[in-house]
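S.K.: quick one: sequence and predicted model below, then my questions.
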Amino acid sequence: MSTKVAIVTGSNKGIGLSIVKGLCKRFKGIVYLTSRDETRGRTAVAELNKLGLHPKYHQLDVTDRESVIKFRDHIQEQYGGIDILINNAAIARVTGCYNSYEENKQIVEINYKSILTMQELIFPLVRNNGRILNISSDCGHLSNIKNKYWIDRLSNKNLTLTDINEFVDWFLESCKNGTFKKEDIADNGTVAAYRVAKVALSAITMVQQRELENRNISVNSMHPGLVRTDMTHGVGFYSADEAAETPLYVVLDAPENLKGCYIWYDRRVLDWYDYNADYYFKTATLSKYFASS
């Protein structure tokens with residue numbers, strides 16, 4: 001019988017590290033902690049070793065095709081496949097409510113376009129009946145988009161990769177040529193690149209599910225809540241360990257028919273296509289946090 005393998009990308013800190021910690025405690029197989037920076041990754045492993053937890057480590061930069069290929073070849077050679085894949089690598093990089101074109105491009109590359117590389121190179125290693133989880137955000141619900149043309153295209157149940165890629169390219173082009181309109185994005189266009197990238201990530205989840213259905217692989221996306229991590233500069237309602245509980249439920253405990261869903265931090269399955277819903281991220285949420293802290 002083949003060794004079971006679980007992989008978490010971008011897991012040297014924050015919620016990714018907490019997910020690795022939880023998997024080490026409960027998953028009956030090999031757990032991989034991966035990171036772009038090898039020193040930080042190995043330091044994180046050393047800290048878990050002190051807790052009696054022993055994940056394996058491999059360098060993985062999801063935006064670097066050669067790095068992904070090296071990791072793929074390593075897993076293929078050592079284990080022949082993957083049972084759980086959690087795509088957690090992400091970046092916000094908000095210098096203000098609005099970023100430059102170069103910053104927006106980088107945010108989209110890491111949060112969305114890297115998943116296309118993972119899909120091409122790593123998804124084929126996921127074994128039948130495996131589970132894939134894309135860590136999204138409340139910025140990833142369709143209600144973050146207010147442009148009618150893109151709402152119509154993205155809310156189509158026959159959504160395609162072309163639709164999603166053209167949506168992302170439309171946004172980046174509008175940033176590049178100065179035609180971006182704040183009213184096209186919720187909350188007056190704040191953190192627009194992060195919203196666009198995470199909406200695209202949540203959307204591609206449904207496309208991936210259709211493609212992998214015949215192998216009984218479940219693909220879901222989820223919003224982990226506002227978590228106190230480096231990415232949020234310590235702002236949040238939940239610790240990383242608390243926020244890891246729902247991702248662990250999705251990949252370890254959820255029923256097999258939980259597929260192609262957008263899941264809230266409290267395990268509720270929300271209708272991702274409901275663009276009139278009130279699920280989009282609001283900067284006012286941060287004001288509430290500071291008022292209560």
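M.R.: Happy to help now that I have it. Numbering: from 1, shown residues only.

S.K.: which residue packs closest to Asp271, ignoring adjacent ones?
M.R.: Ala277 (7.1 Å; Cβ to Cβ, 6 or more residues apart in numbering). C-beta here means a position set from N, CA and C on the backbone, and glycine is covered the same way.

S.K.: which non-adjacent residue is nearest Val62?
M.R.: Using Cβ to Cβ, 6+ apart, the nearest residue to Val62 is Ser114, at 3.9 Å.

S.K.: now do the one helix or strand the one you found maps to: which elements does it pack against?
M.R.: Here Ser114 sits within helix 114-121, counting by DSSP states H and E. Contact partners of helix 114-121 among helices and strands, from 3 or more Cβ pairs under 8 Å, 6 or more residues apart in numbering; DSSP states H and E: helix 65-78, strand 82-87, helix 192-212.

S.K.: in that helix, which residues are buried?
M.R.: By neighbour count on 16 or more other Cβ atoms under 10 Å, the buried set for helix 114-121 is 114-115, 117-119.

S.K.: now those as TSV including pLDDT and distance to Leu17?
M.R.: As requested, those are arranged in TSV below (pLDDT from 0 to 100; distance: Cβ to Cβ, whole Å):
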residue	pLDDT	distance to Leu17
Ser114	97	19
Ile115	97	20
Thr117	97	23
Met118	98	19
Gln119	98	24
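
S.K.: thinking again about what came up before, from memory the residue nearest to Asp271 sits against Ile145, does it?
M.R.: No - judged on Cβ atoms under 8 Å, Ala277 makes no contact with Ile145 at a distance of 11.7 Å.

S.K.: among those two, which residue is more densely surrounded?
M.R.: Each of Ala277 and Ile145 has its neighbours counted (other Cβ atoms under 10 Å); Ile145 has more, 23 against 13.

S.K.: may I see the helices and strands packed on helix 114-121 organised as a markdown table, with distance to Pro224 added?
M.R.: Formatted as a markdown table, these follow (distance: least, Cβ to Cβ, whole Å):
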| stretch | distance to Pro224 |
| --- | --- |
| helix 65-78 | 23 |
| strand 82-87 | 11 |
| helix 192-212 | 12 |
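
S.K.: hang on, the earlier thing: mind listing residues that contact the helix holding Ser114?
M.R.: Contacts to helix 114-121, defined as Cβ atoms under 8 Å, 6 or more residues apart in numbering, come from residues 9, 62-63, 65, 68-69, 72, 85, 87, 89, 134, 201, 204, 208.

S.K.: let's see that with 7 Å instead.
M.R.: Surrounding helix 114-121, the residues in contact under the criterion Cβ atoms under 7 Å, 6 or more residues apart in numbering are 62-63, 65, 68-69, 72, 87, 89, 134, 201, 204, 208.

S.K.: what is the end-to-end distance of stretch 207-218?
M.R.: Chord length of stretch 207-218, first to last residue, is 12 Å (Cα to Cα, to the nearest Å).

S.K.: buried residues in that stretch?
M.R.: Within stretch 207-218, the residues scored as buried using 16+ other Cβ under 10 Å are 207-209, 212, 217-218.

S.K.: which non-adjacent residue is nearest Phe180?
M.R.: Ser174 is the one closest to Phe180 (Cβ to Cβ, 6+ apart), at 4.0 Å.
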